[in-house]
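*Asks:* next comes the sequence, and after it the predicted model I'd like to discuss.
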Amino acid sequence: MAEDVIREGYYVIIRRTHERESSRLIKAEMDKPVFLGKQKIHLNNIFGQRFGTTFEWNRNRDLDVVNVQQLANTSLDLPQLSAPSGDNKDKDNRFIIDDGKSQKLSKDDIEVLKSELSSSEVIENLVKNCSTFEQKTSFAQQKYLKKKQKKYSNLVTILRPNVRLLAEMYFSRGPQKIDYLRIDSLSQMLSLCNVMSGRRYIVLDTNLGILTAAVVERLGSSGTVIQVYTDPGPVSTYRQSVDALNLPKETIANMLFGLQINEIYRLSQSNSLPEMSDQSCGQQSGDKSEKTVESEKLIRRAIRHKEALKALEILAQKDMDGLLLLSKTYDPLNIVLLLLDFLADSRPFAIFSPYMEPLSHCYSELKKKAVFLRLTETWLRKYQVLSDRSRPDMSMSPSSGYLLTGIKVNNNIIQC
Amino acid sequence: MAQSFISYKRLVGVGDTLFVYLSPTNIYPIRVTTGSTFQTKYGALRHDQIIGKPYGCALQCAKGFVHLLHSTPELWTLSLPHRTQILYTTDISFICTQLDLRPGSVVCEAGTGSGSLSHAIARTIAPNGRLVTYDFHEERAATARQEFADHGLSDIITAEHRDVCCDGFAYTEYFDALFLDLPHPWLTISSANRALKPNGGRICCFSPCVEQVQKTCAALNDHHFLDIDTYECVLRPYDLKTQSMPSYQFSSTKSYSEENSEANEAMDEKSDESLAKKLRTEEDSSEKNDNSSDVKSNEYVLTYSPNQSTGHTGFLTVAVKYQ
């Protein structure tokens, strides 16, 4: 598949192969190096390779393709799930003194090794020079090896961005930027709002556009998303997640339309499509050096204007199929009541908030307009599964945020 | 052909599967058929009367009214006829995200069970995706196949009678995603590996017990799957009620204030209104005490956990294949 191949200008997710939490979203360009932590990497060799490929960075900071399956069979002894546990009954750590002196190599020694040897050779040396290694149980030895691998490995993997990877990345690195929308809550919004190809959805989203991208991804190449924002203009990153999906520009242009919420309010107050305040006429700047920046601004404004007109045209039919709303700075109640009007009857909606109170406040008002109202959160825990060592992870994300979902109905009782 | 689960209609038509909604715990699926009648506790509902009515309407019955709701996989999951234990939307939604499902995805599922997940997958991969679903129980496979046909999903879902543990998956390097809800999923990992597309194919296994999870993870590791993760996702629902809570009237003149004694008698959930009423009528005639003020009541929208809810459904293990 053509889209399986990494091309210049694509957004990619790059991560250190043995440290999944290091994932970063970047726009891959020729001759434009990136930094993974402190490590500078040249990306030129990734173009033409398939997404999912693992690379090794060499001394020149270029990337060479490696076969990840070959690595799995190296003497590096990645944690075995079926490890023999016999010797663990006789070994324990009662004599191991944690004085920081068990590693005989100095920091400088290790730096020298790093510049001369491959990462697996470096780790072998560390093991040889670790005075307490043999005393450790096989579990502790594997944990030690895994830790060294995470630190000294020079492998990176390039992945194709999708909503799952983006949502996990954003949540672990800066959940406040996506209003604490955890991946299980995001998944539920998509299911409970019956998001499917060919249908029309209203989305009120976060600064990074993750919810919008999630709906777009589930629409495939057909359907409509009206991305509503409450700020005077959309923030610069409001399409970041959508752009990261590397979808063709025409597909997005046919599906995604942004709109300031006051335009919707104006529409609700009148019966006809309003005259939009013409924002596309900017002031001409006298300074020549500012002209290209200014004209880019005008182009963006013209595009937004066109999108808004199209969005209003679609909304005016009052036939939308679902409403997905992230409650941010504003109390969601009057926003929901406004937008619910544009939903057809018997269509679902979902309101997410990191806090419960705004949602319980909405609940009683929404009883007049909707049925099957439910206020929920989800509990999500990850597990370490290894032979004789299976347990939940020690750290856990405590809160999924809260979801209020329901189905809009018409409560004017009709006779059969 | 009614395609109720992968598109939307405005008006009820013959052959539609729709949901009659009375309350959150009383939702009933019906297949609209001329001449049929559906009995509800509010009275009989003749199908001929509801044909042509708008979805989302409130329909008067003899002793009350009901809502007619358009079908969705989520409503189906809550009210479908159980032939087996089923998956619910909490796990289903998590699975769809973990498998990166989207329109056009080619998916395999074993076993079909009662078709709860199958409906949600079909909705997510429509219109051009494909779901091949296997069940080793011949009658269940046939019932599922009929249900998918009734719901207009036969173009997307192929339901087959097959024991994947013995006979494998019948496809090689074909599926973007593969889901297993089987008693012994580790026995199929080898053929699952062959059935998945080599670059990025994703697998998800659902197992209620830890031993199953351990054996499955070991098999996934042996077959060089990567990013093997095991999760548990449990829904925590909340109930809500509006309740008035009076402030306790302290008194230094009496050891047990008379103002509070009536409040205490009435202090149970059923008589919120009678308590509030008592307090309002007492406002005019209450004795002055040291705190001398009107009885203060705060009205709260209380959210609380219900007495019973699900503790565990199963563990979800996901992994990816890069070869």
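*Replies:* Thanks, I have it. Just so you know, these numbers come straight off a predicted model, no measurement behind them. Numbering: from 1, shown residues only, chains lettered A, B, ... in the order given.

*Asks:* now do the contacts for whichever residue of the stretch 101-250 of chain A sits closest to chain B.
*Replies:* Residue nearest to chain B within the stretch 101-250 of chain A: residue A:220 (2.9 Å; C-beta to the nearest C-beta). Placement of C-beta: from N, CA and C, glycine included. Listed by C-beta atoms under 8 Å, 6 or more residues apart in numbering or on different chains, the contact set of residue A:220 reads A:197, B:102-104, B:128.

*Asks:* what subset of these is buried?
*Replies:* A:197, B:102-103 (16 or more other C-beta atoms under 10 Å in any protein chain shown).

*Asks:* tabulate those residues (JSON lines), appending pLDDT and secondary structure.
*Replies:* Listed next are these as JSON lines, based on pLDDT from 0 to 100; DSSP: H, G, I helix; E, B strand; the rest coil:
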{"residue": "A:197", "pLDDT": "97", "secondary structure": "coil"}
{"residue": "B:102", "pLDDT": "98", "secondary structure": "coil"}
{"residue": "B:103", "pLDDT": "98", "secondary structure": "coil"}
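
*Asks:* that older thread, may I have the phi/psi pair for the residue of the stretch 101-250 of chain A closest to chain B?
*Replies:* The phi/psi pair for residue A:220 (degrees, to the nearest 10) reads phi 70, psi -110.

*Asks:* and the pLDDT for it?
*Replies:* At residue A:220, the model reports a pLDDT of 96.

*Asks:* helices of the stretch 151-300 of chain B, start to end?
*Replies:* In the stretch 151-300 of chain B, the helices defined using DSSP state H, counting those that start in this stretch lie at B:164-167, B:189-195, B:210-222, B:258-265, B:272-285.

*Asks:* any part of the longest strand seen in chain A near chain B?
*Replies:* Using DSSP state E to define each element, chain A has its longest strand at strand A:370-384. Yes: with C-beta under 8 Å from any C-beta of the partner chain as the criterion, chain B is reached by strand A:370-384 at A:371-372, A:374-383.

*Asks:* most neighbours, which of the residues you listed?
*Replies:* residue A:378 (23 neighbours; other C-beta atoms under 10 Å in any protein chain shown).

*Asks:* and the longest strand of chain A, what does it pack onto?
*Replies:* Secondary structure elements in contact with strand A:370-384, counted by 3 or more C-beta pairs under 8 Å, 6 or more residues apart in numbering or on different chains; DSSP states H and E, are helix A:183-192, helix A:357-366, strand A:391-392, strand A:402-408, strand B:64-70, strand B:226-246.

*Asks:* got TSV for the ones you listed, with distance to residue B:116, mean pLDDT and mean neighbour count too?
*Replies:* As requested, those are exported to TSV (distance: least, C-beta to C-beta, whole Å; pLDDT from 0 to 100; neighbours: other C-beta atoms under 10 Å in any protein chain shown):
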stretch	distance to residue B:116	mean pLDDT	mean neighbour count
helix A:183-192	12	98	26
helix A:357-366	27	93	19
strand A:391-392	27	94	11
strand A:402-408	18	98	24
strand B:64-70	18	96	22
strand B:226-246	15	95	17
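
*Asks:* closest point of the stretch 251-400 of chain A to chain B, which residue?
*Replies:* Closest point on the stretch 251-400 of chain A to chain B, by C-beta to the nearest C-beta, is residue A:345, at 2.6 Å.

*Asks:* list the contacts for that residue?
*Replies:* Neighbour list for residue A:345: A:408-410, B:54-57 [criterion: C-beta under 8 Å, 6+ apart].

*Asks:* check what pLDDT it gets.
*Replies:* We have a pLDDT of 97 for residue A:345.

*Asks:* checking my notes, it in a strand, right?
*Replies:* No: with DSSP: H, G, I helix; E, B strand; the rest coil as the criterion, residue A:345 is assigned coil and is not in a strand.

*Asks:* chain A: helices as residue ranges?
*Replies:* Remark: helices assigned in chain A by DSSP state H are A:68-72, A:107-116, A:119-128, A:138-152, A:163-173, A:183-192, A:210-219, A:240-244, A:249-255, A:261-269, A:291-315, A:332-340, A:357-366.

*Asks:* noted, bye for now.
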